[in-house]
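> generate coordinates for the sequence data below:
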Amino acid sequence: MLKIEKLESGYGAMQVLWQPSLEVSRGSITALLGPNGAGKSTLLSTVLNSVKPWGGKVYYKGEDVTYTPSHKKVHKGMALVPEGKHLFPNMTVYENLAMGAYLDKALAHKSESLDLVYTLFPRLKERHSQMAGLLSGGEQQMVTISRSLMTKPELIMLDEPSQGLAPKLVSEVFETIRKMKYDIGLTILLVEQNVDASLDSADYVYIMHEGSIKAEGVTEKIKESKDITSTYLGV
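Residues are numbered from 1 along each chain as shown. Below is the predicted model of the structure:
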């Protein structure tokens, strides 16, 4: 569904991505792992075109979308859940979720999408009228993910969804990620620092270091390679 070929980008004169290439198969969970500063978040932002590509190609469902504007990529079914909780704190949970259903196709299925979100996150249904700024960190992350689901995506890119969460909430977030694959049929590209949880959830794994891909393989292959896990993942 998503194919990245020798992508290059950066900030100002500083190059961050040094021609990483990867593929995300339809209906899979693909994990992009590596240390802080490896360029993982920059890759997601460049795929969505919120950071401008310097070179390389991005294909989505076979179409070259390298330089397609971000909002048009969202219309095509791509969504990015950025690192951190980017919410409207003085709006209710429901109002935050409704902000995600701004596309025509999403607006037409708003009630259906809300039911889906509330099924995935029953806690949000209980707190639908509560101000988002008063939620716990884990609940705010649930709202952030759910707002992206309201756009009716086919491909969702998650940037550090478990960041700053207590272990119990981390388990809940990863359980939801698996549900998004198995229950909804979404394709997921996951950037994470939590190596163990990612390896337990992903179908395929890429290891990024210093802006390029250093290793890749099915999850079991990565788990079994002590050289890869100790050198690049610190486990």
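> wait, isn't Pro89 in contact with Ala132?
Yes: counting by C-beta atoms under 8 Å, Pro89 does reach Ala132; the two are 5.5 Å apart. From N, CA and C alone the C-beta is placed, and that goes for glycine too.
> higher neighbour count, the two?
Ala132 (24 against 12; other C-beta atoms under 10 Å).
> ok, for the more buried one, nearest residue in space, not its chain neighbours?
The shortest distance from Ala132 to any non-neighbouring residue, by C-beta to C-beta, 6 or more residues apart in numbering, is to Leu87 (4.5 Å).
> top helix in the chain by residue count?
For the chain, the helix with the greatest residue count under DSSP state H is helix 167-182.
> contacts for that one, please.
For helix 167-182, contacts defined as C-beta atoms under 8 Å, 6 or more residues apart in numbering pick out 27-29, 120-121, 137-138, 141-142, 145, 149, 156, 158, 161-162, 165, 186-188, 190, 194, 197, 200-201.
> chain center to it: distance?
Computed by C-alpha atoms, centre = their mean, to the nearest Å, the chain-centroid distance of helix 167-182 equals 13 Å.
> stretch 119-127 now?
With C-alpha atoms, centre = their mean, you get 20 Å for stretch 119-127.
> what is the end-to-end distance of it?
13 Å (C-alpha to C-alpha, to the nearest Å).
> now stretch 204-222
9 Å.
> could I get the average pLDDT for that stretch?
For stretch 204-222, the mean per-residue pLDDT is 94.
> buried sites along that stretch?
204-209, 211-213, 215-216, 219, 222 (16 or more other C-beta atoms under 10 Å).
> looking at those, which are in strands?
Mapping these onto strands (DSSP state E) picks out 204-209, 212-213, 215-216.
> including distance to Glu8, could those go into CSV?
Formatted as CSV, these follow (distance: C-beta to C-beta, whole Å):
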residue, distance to Glu8
Tyr204, 23
Val205, 22
Tyr206, 17
Ile207, 19
Met208, 14
His209, 16
Ser212, 10
Ile213, 13
Ala215, 20
Glu216, 19
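> for the residue at minimal distance from the centre of the chain, what are its contacts?
Nearest to the mean C-alpha position of the chain, counting by C-alpha atoms, centre = their mean, stands Leu158 at 1.4 Å. By C-beta under 8 Å, 6+ apart, the contact list for Leu158 reads 81, 145, 177, 188-192.
> repeat that for 10 Å
Leu158 sits next to 29, 31-32, 44, 79-83, 144-145, 148, 173, 177, 180, 188-192 when contact means C-beta atoms under 10 Å, 6 or more residues apart in numbering.
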